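>>> coords below, sequence missing:
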C-alpha cells in the first residue's frame, strides 16, 4: 500500500488567536433615546424571542426576556 503525502493542516483559529494579540474591537453605539423614542419600554424581537427594554425611574435600563 502506498502512502500519500498530504499538505499540513493550517493552524486552528483557537491557536491563532492565542498567539496573536486581538485587534481592539468596538461595538456599535446606539443612543438609548433613539431606541426608546420617548417611550419608557419597547419590545425587541430577536429570532423567535421577544425581549423588553425598560427605562426605569432610577434612569437605568433593564432588558428582560
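Perfect, thanks for sending it. Just so we're clear, the structure is a prediction, and the values are computed from it rather than from any experiment.
>>> my guess is residue 55 contacts residue 37. True?
No: here residue 55 lies out of contact with residue 37, judged by CB atoms under 8 Å, at a distance of 11.1 Å. Bear in mind the C-beta positions are built from the backbone N, C-alpha and C, glycine included.
>>> okay, those two: which has more neighbours?
Between residue 55 and residue 37, counted using other CB atoms under 10 Å, residue 55 has the larger neighbour count: 17 against 7.
>>> the residue nearest the centre of the chain: which element?
Centrality entry for the chain: nearest residue to the mean C-alpha point is residue 27, 8.2 Å, by CA atoms, centre = their mean. Here residue 27 sits in a region with no helix or strand, counting by DSSP states H and E.
>>> phi and psi next, for it.
Main-chain torsions, residue 27, degrees, to the nearest 10: phi -80, psi 150.
>>> how close does it sit to residue 38?
25 Å (CB to CB, to the nearest Å).
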